[in-house]
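S.K.: how would this look folded up:
(chains A, B, C and D)
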Protein chains: 2
Amino acid sequence: MTIGERYSGIIDAACEVFARRGYHVATIREIARAARLSLAGLYHYVGGKDELLFLVLDRGLTTLLRNLDETLAAARTPEARLLALIQTHLEFGFTHTAALRVINRDWDLLPRPRHAEIAAKRRLYIERGLQVLAALDPHHRSGDELYSATNLLLGMLNGIAAGPFVRSLEDARALAAQVGGLFLYGFLERTTDPGDVAVVTAVRAAGRRGAGALPSEASL
Amino acid sequence: MTIGERYSGIIDAACEVFARRGYHVATIREIARAARLSLAGLYHYVGGKDELLFLVLDRGLTTLLRNLDETLAAARTPEARLLALIQTHLEFGFTHTAALRVINRDWDLLPRPRHAEIAAKRRLYIERGLQVLAALDPHHRSGDELYSATNLLLGMLNGIAAGPFVRSLEDARALAAQVGGLFLYGFLERTTDPGDVAVVTAVRAAGRRGAGALPSEASL
DNA sequence: GGGCACAGTTCGAACGTCCGTTCGGTGGGA
DNA sequence: TCCCACCGAACGGACGTTCGAACTGTGCCC
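M.R.: Down below sits the predicted model:
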């Protein structure tokens, strides 16, 4: 077992325990047990609980951003880029459920020096969403309006990614089409019928790339 | 000072501290200090930390549900009912920021016996949203689809209610129109121009009722 | 009216527990 | 022999909770 695999396993364990119990209820002892290490053995690798949280958040956000940039690069039209963002987020919510949970719930608990670093990565992600919406906007909305629209979209995505709606990668892709249609055309329009051309083709175009694996081998 | 006011003040203090620090980081000592009581003095009124969280959640959800039912009763058309729901949620997010934060972040931490009671009230709220969307749906979506659409809507609302977007009751009403328009007609349509008739009149009809005050006098 | 028992409040101080962290040591491969 | 990975055991502190006492006002008997 290489040292990199050791770190990966430790971050995996921390991610799972943090997601299941929440940062403050999770104990170092619990994480050590999940990583098949003794308490002091765990401290041989990481400096403390804060750093464990940082490693989980950093690896998660790095993977999420990488996945997003890959799918965005493969999408040509603005609609396809929006679908790519939605699908990447939902797929990440399915393949990295624990990480997304920690990212959404506990990222704010990080102490000062590390907090800024994670906040910057988060801002980068929101920035991507804002750019996608700006390129799509036929009304040239103001920056504030676009920013709140981005938050609306991400709120929607987290709302269903947190729930039990995504049970498979196929679910993620079908839901992405549904969410994309609802966001673009509204609740009153019906865009998720199998016959709908624009969205389905966009989904197919954006969905060609896989999920972007490597959950355990980032940033170390 | 009546005993009811004592309880109200204690719940206010607990709500503020829970919202600012999170349930597990908040300490009973901190809540007692905020309530201008000694540690043991606080225990004279409440059984423990669990009960404090329950009281905060119960009062908040009760107020939220009452506000919603009042504004829903005043709204005639399905569109107006949707706007009423959105506006009630955003206004509650503004007037009871701390309570909404605790409801969204910490409701799941409640131990068993009380957990079911709060979960039922939460379900009641989601049920209202589902009924509103069902009455509005021109496509007779399936129950699952309506349920996920409800979660999309509530996710949107919490996404911006948690952010710094709502800075006044006027903001809440303007944002409600914007969110309602976006949800109904989609990002590609522009429905929040001042000249837009359908949404603006719906907002005016739904917005006639106030915020439904009494943040400190419920359920005790 | 004065003294007094009593119940309702409030408090200081402590108890037991569990947490994050540290330290001194042990075993084995180079 | 040295070093690196790892561990058992402990430390100091903070937490939720409890306990016994002090204070305060009220009604009651004399």
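S.K.: could you give the number of residues near A:Glu170?
M.R.: Neighbour count for A:Glu170, taken as other C-beta atoms under 10 Å in any protein chain shown: 10. To be clear about C-beta, it is placed using only N, CA and C from the backbone, and glycine gets the same treatment.
S.K.: okay, angle between the helix or strand hosting it and helix B:169-185 too, please.
M.R.: Element membership of A:Glu170 [criterion: DSSP states H and E] is helix A:169-185. Helix A:169-185 runs at 110 degrees relative to helix B:169-185, counting by axes from the mean of the first three to the mean of the last three C-alpha atoms, to 10 degrees.
S.K.: would you mark the buried spots in helix A:169-185?
M.R.: Going by neighbour count (16 or more other C-beta atoms under 10 Å in any protein chain shown), the buried part of helix A:169-185 is A:169, A:172-173, A:175-185.
S.K.: among those, which are in reach of chain B?
M.R.: With C-beta under 8 Å from any C-beta of the partner chain as the criterion, those include A:175, A:178-179, A:182-185 near chain B.
S.K.: output these as a markdown table; include the columns distance to B:Gly41 and pLDDT.
M.R.: Output for these, formatted as a markdown table (distance: C-beta to C-beta, whole Å; pLDDT from 0 to 100):
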| residue | distance to B:Gly41 | pLDDT |
| --- | --- | --- |
| A:Leu175 | 51 | 89 |
| A:Gln178 | 54 | 89 |
| A:Val179 | 51 | 92 |
| A:Leu182 | 52 | 92 |
| A:Phe183 | 51 | 94 |
| A:Leu184 | 57 | 94 |
| A:Tyr185 | 58 | 92 |
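S.K.: show me what from chain A comes close to chain B.
M.R.: So far as C-beta under 8 Å from any C-beta goes, chain A lies against chain B at A:22, A:24-25, A:105, A:109, A:133, A:136-139, A:145, A:148-149, A:151-160, A:163, A:165, A:175, A:178-179, A:182-190.
S.K.: what do you get if the cut-off is 6 Å, keeping everything else the same?
M.R.: A:24-25, A:139, A:148, A:151-152, A:155-156, A:159-160, A:163, A:165, A:183-188, A:190 (C-beta under 6 Å from any C-beta of the partner chain).
S.K.: sorry, back to before: now for the buried residues of helix A:169-185, which pair is the farthest apart?
M.R.: A:Leu169 and A:Tyr185 (24.5 Å; C-beta to C-beta).
S.K.: if we can go back for a sec, may I see the ones next to chain B among the buried residues of helix A:169-185 arranged in JSON lines, with distance to B:Asp58 as well?
M.R.: Formatted as JSON lines, these follow (distance: C-beta to C-beta, whole Å):
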{"residue": "A:Leu175", "distance to B:Asp58": "33"}
{"residue": "A:Gln178", "distance to B:Asp58": "34"}
{"residue": "A:Val179", "distance to B:Asp58": "33"}
{"residue": "A:Leu182", "distance to B:Asp58": "33"}
{"residue": "A:Phe183", "distance to B:Asp58": "34"}
{"residue": "A:Leu184", "distance to B:Asp58": "39"}
{"residue": "A:Tyr185", "distance to B:Asp58": "39"}
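S.K.: among the residues you listed, find me the one that's closest to DNA strand C.
M.R.: Nearest to DNA strand C among these is A:Leu175, at 35.4 Å by C-beta to the nearest atom of the strand.
S.K.: and the pLDDT for the residue lying farthest from the centre of chain A?
M.R.: No residue in chain A sits farther from the centre than A:Ala40, which is 31.8 Å out by C-alpha atoms, centre = their mean. We have a pLDDT of 95 for A:Ala40.
S.K.: likewise A:Met1?
M.R.: At A:Met1, pLDDT is 73.
S.K.: that one and DNA strand D, how far apart?
M.R.: Distance of A:Met1 to DNA strand D, given as C-beta to the nearest atom of the strand, to the nearest Å: 7 Å.
S.K.: from A:Ala35, how far off is that residue?
M.R.: Per C-beta to C-beta, to the nearest Å, A:Met1 is found 12 Å from A:Ala35.
S.K.: the more surrounded of these two?
M.R.: Ranked by neighbour count (other C-beta under 10 Å), A:Met1 and A:Ala35 place A:Ala35 first, with 23 against 6.
S.K.: so which strand or helix has the residue nearest to the more buried one when sequence neighbours are not counted?
M.R.: Closest residue in space to A:Ala35, ignoring its immediate chain neighbours: A:Ala13 at 3.8 Å, by C-beta to C-beta, 6 or more residues apart in numbering or on different chains. Assigned by DSSP H and E, A:Ala13 belongs to helix A:3-21.
S.K.: show me what that helix is packed up against.
M.R.: helix A:28-34, helix A:49-74, helix A:97-106 (3 or more C-beta pairs under 6 Å, 6 or more residues apart in numbering or on different chains; DSSP states H and E).
S.K.: show me what stretch A:133-146 is in contact with.
M.R.: Contact with stretch A:133-146 is made by A:78, A:82, A:130, A:149-150, B:190, as judged by C-beta atoms under 6 Å, 6 or more residues apart in numbering or on different chains.
S.K.: up against DNA strand D, what does chain A have?
M.R.: Chain A comes close to DNA strand D at residues A:3, A:6, A:37-41, A:43-45, as judged by C-beta under 7 Å from any atom of the strand.
S.K.: any weak-confidence spans in chain A?
M.R.: Scanning chain A with the threshold set as pLDDT under 70 gives A:191-220.
S.K.: re earlier: mind putting the helices and strands packed on helix A:3-21 into a markdown table with mean neighbour count and distance to B:Arg101?
M.R.: As requested, those are exported to a markdown table (neighbours: other C-beta atoms under 10 Å in any protein chain shown; distance: least, C-beta to C-beta, whole Å):
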| stretch | mean neighbour count | distance to B:Arg101 |
| --- | --- | --- |
| helix A:28-34 | 18 | 27 |
| helix A:49-74 | 20 | 21 |
| helix A:97-106 | 20 | 12 |
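S.K.: turn those into TSV, columns for distance to B:Val56.
M.R.: Output for these, formatted as TSV (distance: least, C-beta to C-beta, whole Å):
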stretch	distance to B:Val56
helix A:28-34	28
helix A:49-74	26
helix A:97-106	19
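S.K.: need those helices in TSV (columns: distance to DNA strand C).
M.R.: Converted to TSV, the helices and strands packed on helix A:3-21 look like this (distance: least, C-beta to the nearest atom of the strand, whole Å):
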stretch	distance to DNA strand C
helix A:28-34	4
helix A:49-74	4
helix A:97-106	13
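S.K.: so for B:Asp58, which of these sits nearest?
M.R.: Among these, the nearest to B:Asp58 by C-beta to C-beta is helix A:97-106 (22.5 Å).
S.K.: next helix or strand past the host helix or strand of A:Arg123?
M.R.: Using DSSP H and E, A:Arg123 sits in helix A:112-136. Next in sequence after helix A:112-136, counting helices and strands by DSSP H and E, comes helix A:143-162.
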